[in-house]
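K.L.:
Structure for this input, please:
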Amino acid sequence: MQKALQPWRELALLLRGVRKELLVAGTLSMAINLLMLSPTLYMLQVYDRVMLSHNALTLLLSTLLLVLVLTLVAWFEKLRTGLLVGLGITFDKTLQPGVFHATLQRELQAPGAHTTQSLQDLSQVRQFITSQGIFAFFDAPWFFIYAAVLFLIHPLLGWIGLAFALVHLGFIHHSRRRAEPLIDAASDLQVQAQALEHSQMRNAETLQAMGMLPSMQRIWEITYARWNQAQALAQHDGQQRVAFSKFLRYTQQSLSLGAGALLVLQGEISAGAMIATNILMTRMLQPLDTLTSSWRSWLGMHSALQRIHKQSVHQNASPSAPVPVPWADGPLHVSAQGLTAVVAQSETCILDHIDLDLSPGSAVALLGPSGAGKTSLALALLGTLPGCTGRVLWNDQPVDCLHPPPWPDRLGYLPQQVEFITGTVSQNIARFGEINASAVVQAAMHAGVHDMVLRLPNGYDTLIGPQGIALSSGQKQRLGLARALYGQPRLLVLDEPDAHLDEVGEQALMDALTRLKASGCTMLLITHKRGLLSLCDRILMMQSGHLLRELATHA
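P.N.:
Modelled structure (predicted):
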């Protein structure tokens, strides 16, 4: 119970920052509910005075006054809706940076773990705040006022209203217990189906070339059928609840009208009071009826809040500020002490108490078979390997205190699988920071990719990435290398940098690394190419997460 309430408490804490807006929305709600008593008074006026006196002037003035009041109510509704839309935007802006950072951290720890769901959850919570369902919060306190008015007209009508309110509350409680697991199951299956579809689309060429399409289509059809079935169950349950809600509403209106007619026959209330109380009782139960009709949105928002809370608990909710360092422009000494990393799912040790020292301006090569732990060691030295214990120091400063790096253009990294964010060539090479045109061109020339970029449709302004033009593996490799070489890197980590390069590209890479080494850059290269090994001061052999030995260099 405590865990279930925690997301709501966090939401309440967030809403404290917009207390002024909530106070205005509450005031508007109070005015709306107060003015909505006017139809009841109008009915009393028409049936109890106008119908008896046959005074057309009284009817005209009462009608004009009612229209004026309802116009004012509509204007207040517009103001309240606009205020809640702004509140939703403010809420989104407050949470979005932390959620985005936590999403990136989760992707680092568990790649491909449906991390985009958090941003969708944030959008769902914001949409709920701006929807009609949130109005039930503001209108609910007026339930007691409407009930008190009913009791003043006649106790029997008040008890009928309370009885229907209890039925509504019981129905809402039952709906929550029944609908929540159905909606959660449908939501989880939707995430799985979307992840499978995304994976298949990204590997469409491989699926086509290797004849995997029929098998993958069967898997997709099975996953989609499960999602469709879960969605159908949730929708069917929702339709049943809507049908029962309509039954309650119509029954309430009929019974309240019948009870009012009985009281009229007994001479205890007037005919006007009979009609007026029917409207008043409908208005009294409207917040509960709104809650019933929007229960699916309530449950979806609650599930989204729980997922956001769960992720925020396990991740750092906001990015840490970079630590100023006096040695940003000087040589960089990198050391590792007792680095150990274990894959949580399989409990496989990928790094086993590794000690390593990279002297300033040195070039160190890592060799070893696939799965030896080379990439994991490189990521650990960069401070991005999840679940890693031990210490990594840059000039005697712990890496975890320095991230994000206070000098991102002094750090270069080329992963095995090079990907780009949707943006121009210049933006990607400059790492989406302030673009230094000369530095971008210089990095491209050092990577041997300048001429290729000029042949693109818009040169350095060509859009690349998931939504841009398609690049070959060799083009991606070269542009990734240019991104790593951008600026004046003092630490360069390259993971199989020549995997997709031709002879011209390899020569450009050799020249760039030779130039960087002469400038004092500390380099770690994961490679097996003799040309690159000849540049290295040390060659280390890895296997099964261990540094086995140091090989002789041929420099």
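K.L.:
Wait, a strand at residue 412?
P.N.:
Yes. Assessed by DSSP: H, G, I helix; E, B strand; the rest coil, residue 412 belongs to a strand.
K.L.:
Look up how far residue 425 lies from it.
P.N.:
As judged by C-beta to C-beta, to the nearest Å, residue 412 and residue 425 stand 17 Å apart. Yep, even glycine has a C-beta here, placed from its N, CA and C like the rest.
K.L.:
And these two? Which one has more around it.
P.N.:
residue 425 (28 against 25; other C-beta atoms under 10 Å).
K.L.:
residues in contact with that one?
P.N.:
Shown in contact with residue 425 (C-beta atoms under 8 Å, 6 or more residues apart in numbering): 453, 456, 459-462, 464, 479.
K.L.:
next one: residue 224
P.N.:
Residue 224 neighbours (C-beta under 8 Å, 6+ apart): residue 193.
K.L.:
go on, residue 466?
P.N.:
By C-beta under 8 Å, 6+ apart, the contact list for residue 466 reads residue 422.
K.L.:
returning to that earlier point: and the contacts of residue 425, which is closest to residue 519?
P.N.:
Nearest to residue 519 among these is residue 479, at 22.1 Å by C-beta to C-beta.
K.L.:
distance of the closest residue to the closest one other than its chain neighbours from residue 494?
P.N.:
With C-beta to C-beta, 6 or more residues apart in numbering as the criterion, residue 479 has its nearest non-adjacent residue at 5.8 Å, and that residue is residue 449. Noted for residue 449: a distance of 15 Å to residue 494, by C-beta to C-beta.
K.L.:
ok, back up a step: of the contacts of residue 425, which is the most crowded?
P.N.:
Within the contacts of residue 425, neighbour counts (other C-beta under 10 Å) peak at residue 453, which reaches 25 neighbours.
K.L.:
what ranges do the helices span in the stretch 201-350 of the chain?
P.N.:
Secondary structure of the stretch 201-350 of the chain, counting by DSSP state H, counting those that start in this stretch: helices at 204-209, 213-265, 271-293, 295-314.
K.L.:
Which segments of this structure make up each domain?
P.N.:
Split into domains by automatic domain parsing, the chain comes to 2-314, 334-551.
K.L.:
Who are the contact partners of residue 483?
P.N.:
412, 414, 428-429, 431, 443.
K.L.:
which of the residues in the helix or strand containing it are buried?
P.N.:
Assigned by DSSP states H and E, residue 483 belongs to helix 473-485. Buried positions in helix 473-485, judged by neighbour count with 16 or more other C-beta atoms under 10 Å: 475-485.
K.L.:
Return the most buried member of the domains of the chain.
P.N.:
Mean neighbour count (mean count of other C-beta atoms under 10 Å) peaks for domain 334-551 among these, with a mean of 18.
K.L.:
chain center to that one: distance?
P.N.:
29 Å (C-alpha atoms, centre = their mean, to the nearest Å).
K.L.:
For that domain, the averaged confidence score.
P.N.:
Averaged over domain 334-551, pLDDT sits at 83.
K.L.:
Check stretch 170-183 too.
P.N.:
Averaged over stretch 170-183, pLDDT sits at 76.
K.L.:
likewise stretch 149-157?
P.N.:
For stretch 149-157, mean pLDDT is 86.
K.L.:
From the rest of the structure, what touches it?
P.N.:
Counting by C-beta under 8 Å, 6+ apart, 37, 40, 158, 161, 256, 259-260, 263, 268-269, 273, 276-277, 280-281, 284 sit against stretch 149-157.
K.L.:
please redo it, this time with the cut-off set to 7 Å
P.N.:
Contacts to stretch 149-157, defined as C-beta atoms under 7 Å, 6 or more residues apart in numbering, come from residues 158, 161, 256, 259-260, 263, 268-269, 273, 277, 280-281, 284.
K.L.:
and if you look at stretch 252-270?
P.N.:
For stretch 252-270, the surrounding residues in contact (C-beta under 7 Å, 6+ apart) are 47-48, 153-154, 156-157, 160, 164, 271, 274, 277-278, 281-282, 285.
K.L.:
Which member of those residues is positioned nearest residue 392?
P.N.:
residue 285 (62.8 Å).
K.L.:
which element follows the helix or strand where residue 365 lies toward the C-terminus?
P.N.:
Element membership for residue 365 (DSSP H and E) is strand 363-367. Note on strand 363-367: by DSSP H and E, the next helix or strand toward the C-terminus is helix 374-382.
K.L.:
What is the next helix or strand after that following helix packed up against?
P.N.:
Note on helix 374-382: by DSSP H and E, the next helix or strand toward the C-terminus is strand 388-394. When contacts are defined as 3 or more C-beta pairs under 7 Å, 6 or more residues apart in numbering; DSSP states H and E, strand 388-394 packs onto strand 334-343, helix 374-382.
K.L.:
In terms of secondary structure, what does the host helix or strand of residue 22 contact?
P.N.:
Element membership for residue 22 (DSSP H and E) is helix 19-35. Packing partners of helix 19-35 (3+ C-beta pairs under 7 Å, 6+ apart): helix 56-109, helix 135-139.
K.L.:
10 Å - rerun?
P.N.:
Under the contact criterion of 3 or more C-beta pairs under 10 Å, 6 or more residues apart in numbering; DSSP states H and E, helix 19-35 touches helix 2-16, helix 56-109, helix 135-139, helix 142-153, helix 271-293.
K.L.:
In contact with the residue nearest to residue 479, which residues?
P.N.:
For residue 449, the contacting residues are 425, 429, 443, 474-475, 477-482, 505, 508, by C-beta atoms under 10 Å, 6 or more residues apart in numbering.
K.L.:
got TSV for those residues, with distance to residue 529 too?
P.N.:
Below are these laid out as TSV (distance: C-beta to C-beta, whole Å):
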residue	distance to residue 529
425	26
429	24
443	21
474	15
475	20
477	13
478	16
479	20
480	17
481	14
482	19
505	12
508	14
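K.L.:
Just the closest of these to residue 175, please.
P.N.:
Checking the contacts of residue 449 against residue 175 by C-beta to C-beta gives residue 480 as the nearest, at 52.4 Å.
K.L.:
pretty sure residue 289 contacts residue 247?
P.N.:
No. If you go by C-beta atoms under 10 Å, residue 289 and residue 247 don't touch, sitting 11.9 Å apart.
K.L.:
hmm, back to that, adding distance to residue 88 as columns, could you present the buried residues of helix 473-485 in TSV?
P.N.:
Below are those laid out as TSV (distance: C-beta to C-beta, whole Å):
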residue	distance to residue 88
475	42
476	39
477	44
478	44
479	39
480	39
481	44
482	41
483	37
484	41
485	44
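K.L.:
which among the residues you listed gets closest to residue 75?
P.N.:
residue 483 (54.7 Å).
K.L.:
Could you list the low-pLDDT ranges of the stretch 151-300 of the chain?
P.N.:
For the stretch 151-300 of the chain, the stretches flagged by pLDDT under 70 are 199-200, 202-212, 291-300.
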